[in-house]
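Novice: sequence and predicted structure are below.
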2 protein chains.
Amino acid sequence: MAELDQDRQSVQDSLKQVVKLLRKHQLVKSLVERQDMPRQDLVEGLVEKQNLTELQKKLDQLHPADVAYVLEALPLEERLAVWDLVKAERDGEILLEVSDAVRETLIAHMETKELVAATEQLDTDEIADLAPDLPREVMQDVFRSLSLEERDQLRSAMSYPEDTVGGLMDFDMITVRDDITVEVVLRYLRRLDEMPDHTDQLFVVDRTEHLRGLLSVSRLLVTDLDTPVTAIMDAATVKLVPHEKAQDAALAFERYDLVSAPVVDSNDKLIGRVTVNSVVDFIREETDSEKLSAGGLREEEDLFASVWSSVKNRWTWLAINLVTAFVASRVIGIFEGSIEKIVALAALMPIVAGIGGNSGNQTITMIVRALALGQISVANARKLFAKEIGVSFINGLIWGSVVGLFAYFIYHKWQLGLVMTGAMVLNLLLAAIMGVAVPLAMQKLGRDPAVGSSVMITAITDSGGFFIFLGLATLFLMP
Amino acid sequence: MAELDQDRQSVQDSLKQVVKLLRKHQLVKSLVERQDMPRQDLVEGLVEKQNLTELQKKLDQLHPADVAYVLEALPLEERLAVWDLVKAERDGEILLEVSDAVRETLIAHMETKELVAATEQLDTDEIADLAPDLPREVMQDVFRSLSLEERDQLRSAMSYPEDTVGGLMDFDMITVRDDITVEVVLRYLRRLDEMPDHTDQLFVVDRTEHLRGLLSVSRLLVTDLDTPVTAIMDAATVKLVPHEKAQDAALAFERYDLVSAPVVDSNDKLIGRVTVNSVVDFIREETDSEKLSAGGLREEEDLFASVWSSVKNRWTWLAINLVTAFVASRVIGIFEGSIEKIVALAALMPIVAGIGGNSGNQTITMIVRALALGQISVANARKLFAKEIGVSFINGLIWGSVVGLFAYFIYHKWQLGLVMTGAMVLNLLLAAIMGVAVPLAMQKLGRDPAVGSSVMITAITDSGGFFIFLGLATLFLMP
């Protein structure tokens, strides 16, 4: 960690400093509250003020993203204390940076007037990002404060779901006409106070705002001044449309190493742009939410959420698993007679079910990944089935033999060992077939195979494993 | 999908076209091989040639990343047939784009001479990325073909592990001196043929190559020509060092919306830069490998890998799970006497174990995420414990009552229902405590809590769940 540069090292340090100053402040405050000697009050009031000023100064120096980080790491009470110290004009940009769960706690704590003021520093596409969390009356006030053009932009930005190109889009692009020279472009730019962030290219349009091409800023800098724009502009190979899935745009950014890309309507008219920073945020949020749902959380949880809201967040998943567990339990119930006769079956059955679940999840992970990349066609699906069946057959024989020997070693019945091996082979085959079939079927039905495939395969290999093992045992081991 | 723009729509289409042309070609070829009438041979030879030319043309039009995509989606034989048709001068850039597993299959198929030629089109930092997969003699030839400066760069790039800043770094930066004006900078740039990709800023250095500041290209375009560089350059708030974790650099790019960032040595001397496209690739690879290891695959698997290499890839995980399953099985074995008396225990025990595992994984997902973001300190760890214990206690009571009723409903013994409820509460508490403790302990021991936490918690709640449930049953239900 010694090699980390100082400026960024200080983000973690900042958190520690903020907490320290805050604790000092609260300690003094509680002292003041407990005593009421006016003299001492005055002194301690001064100390308190000094702490607060120092804390405020510290916060002012931090990047909005870093303030957001500090807020997310603090329990509710301290979080709100820090939030009160943040300069009002920075509220908007910080609200954009915090996680949804934390944003809700901050907004709940603010008055209408403060919220309207917070949005005043933001671009329309940023207001649209906050809109779902803002109270209705705030949005009405915000709307009234905008120009006509901005209202249009805000309406347009709010009309697209978060996970579409429209949700990622901003309106900060520089357009130039196609009938001018490099010199004119440069003169035009020099009249601007500053260029929007992430301007790696200008958008070349005709009289009617239709996109003609892209003019790279780098190219602009290395070209002779009298060159016409049309001579050095590139064709727009990647043009996004607002209703397109954000996921597809992210793939294009990744694949073609883009910094920005134009968004056009169905008539090829330029309406906005997407920049790589929104794409990076999108990728991070998406993988985050995938991880959460894989772990059984419905949504991102504020680390210090109330117990009750956490319970609700985890509800669905536990309920689903309870149902599958009940089914598995009833499958075992069918064979209670056999278990009564050979109690060893009870101890061995979780092994068959468990390894089946693991093997099935391995297959599913690979298939879901290949589906997401669009690498699976009808033609190669058959090959995949064949391969997965081969893999699971070999794994079944190997690990089946191991568990068979284990069973023989513990219970000294070779028949039990053979049944165990047979059950492992069959359950792994079941896992392989369902591991390919379940995601393919979900894809066919238009559902996201990444969500729920794993629960389903585990349910199948659990109940299936119990059924296969106890069924074989009942067939071959019962007198 | 109708709204996707044509150029990108065609990536999926390209794959279909390539496969179609390839199949036609192979069909004709096999016809030719089966017959040996010289006349027909000639005709079909012509048809074959026409197919190949068309296929080759198609491939030439594709972006290297798209060719990589096509190669990854094809089974080995067809993949190699397409690879042979790719122009030799494009080999290098395509090898950079394909996945590790597919790259191995392509390189295994190439001769030393071809491989050396392939690297000739690449920058030194790109050669370093390929280096681990290239045969030794190829690397020796490559080395000899480089200039002294390039050799230094290659050696330096190869000396850093993939997951460090040094592994992401390239050497394509434009530096300017700190004692000149904007006009001089612009004149200097105009003498270049082109600027490196992702040049959003120039690096301002002093005589000894020490980094003085950053000069944004946008700023350059809107500033008066006689302004000195020092007046408009920014301080480098983010400076990376080569040994820093790539993960930390990615966080900085994400947090501060960077397009490029300087890499300096311990004396603040500029040695390279990192650009957002390498960061995006890194993020994608990292989340990919997390998903794979969460699914129990050791590494990314070629979709059409041989059965045997797939078996090896999945080996470790199954072995680990087998061990934990054996342990759980032996825990059950202890209580075989009780199960023999009340066989219902066998049917009910997987419910307790299963729900415990799910609940524990929910806790772990949240804690691992918070740890990755650095949001957990000693001070708030206690709060987290308290919260998780609260959540699991409530969940235990609620779901415990549900399963208790279930048990009573099926087996008509209220004592069994009570034991079930009690076991659920206790196992969920165990899951909560270990769900917080396991990742925190791994972090303390300097291990990545994202790897293996989930296996461990499942092992604990399985064996623990069986032990708690069967133990309570033995205590309270046995006559």
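Specialist: Received, thanks.
Novice: please enumerate the strands of chain A.
Specialist: A:175-177, A:201-205, A:211-216, A:260-264, A:270-275 (DSSP state E).
Novice: which among the ones you listed is found nearest to residue B:184?
Specialist: Nearest to residue B:184 among the strands of chain A is strand A:211-216 (22.2 Å), distances taken as C-beta to C-beta. Placement of C-beta: from N, CA and C, glycine included.
Novice: mind giving me the packing neighbours of that closest one?
Specialist: strand A:201-205, helix A:229-232, strand A:260-264 (3 or more C-beta pairs under 8 Å, 6 or more residues apart in numbering or on different chains; DSSP states H and E).
Novice: find the nearest non-adjacent residue to the one residue in the stretch 301-450 of chain A that gets nearest to chain B, please.
Specialist: Here the stretch 301-450 of chain A gets closest to chain B at one residue, residue A:365, 2.8 Å apart by C-beta to the nearest C-beta. Take residue A:365 and drop its neighbours on the chain: the residue closest to it by C-beta to C-beta, 6 or more residues apart in numbering or on different chains is residue B:295, 2.8 Å away.
Novice: residues in contact with that neighbour?
Specialist: Neighbouring residues of residue B:295 by C-beta atoms under 8 Å, 6 or more residues apart in numbering or on different chains: A:361-362, A:364-366, A:454.
Novice: show me which of those residues is closest to residue A:281.
Specialist: Nearest to residue A:281 among the contacts of residue B:295, counting by C-beta to C-beta, is residue A:365 at 25.3 Å.
Novice: ok, the closest one touching residue B:289?
Specialist: No. If you go by C-beta atoms under 8 Å, residue A:365 and residue B:289 don't touch, sitting 11.3 Å apart.
Novice: looking at these two, which is more packed in?
Specialist: Between residue A:365 and residue B:289, residue A:365 has the larger neighbour count (other C-beta atoms under 10 Å in any protein chain shown), namely 25 against 15.
Novice: check contacts around the more buried one.
Specialist: B:291-292, B:294-297.
Novice: among the contacts of residue B:295, who's most crowded?
Specialist: Neighbour max across these (other C-beta under 10 Å) = residue A:362, 29 neighbours.
Novice: for it, give its distance to residue A:178.
Specialist: Here residue A:362 is placed at a distance of 54 Å from residue A:178 (C-beta to C-beta, to the nearest Å).
Novice: so is stretch A:124-139 next to chain B?
Specialist: No. Between stretch A:124-139 and chain B, judged by C-beta under 8 Å from any C-beta of the partner chain, nothing touches; the nearest distance is 12.7 Å.
Novice: and stretch A:218-238, by the same measure?
Specialist: Yes. Residues of stretch A:218-238 contacting chain B under C-beta under 8 Å from any C-beta: A:218-224, A:237-238.
Novice: which of the residues in that stretch are buried?
Specialist: By neighbour count on 16 or more other C-beta atoms under 10 Å in any protein chain shown, the buried set for stretch A:218-238 is A:218-223, A:229, A:232-233, A:236, A:238.
Novice: which residues sit against that stretch?
Specialist: With contact meaning C-beta under 8 Å, 6+ apart, stretch A:218-238 is reached by A:176-183, A:185-186, A:200, A:202, A:204, A:211-216, A:252, A:256, A:258, A:261-262, B:5, B:7-8, B:186, B:189-195, B:199, B:217, B:220-221.
Novice: that's all I had, so thanks and see you.
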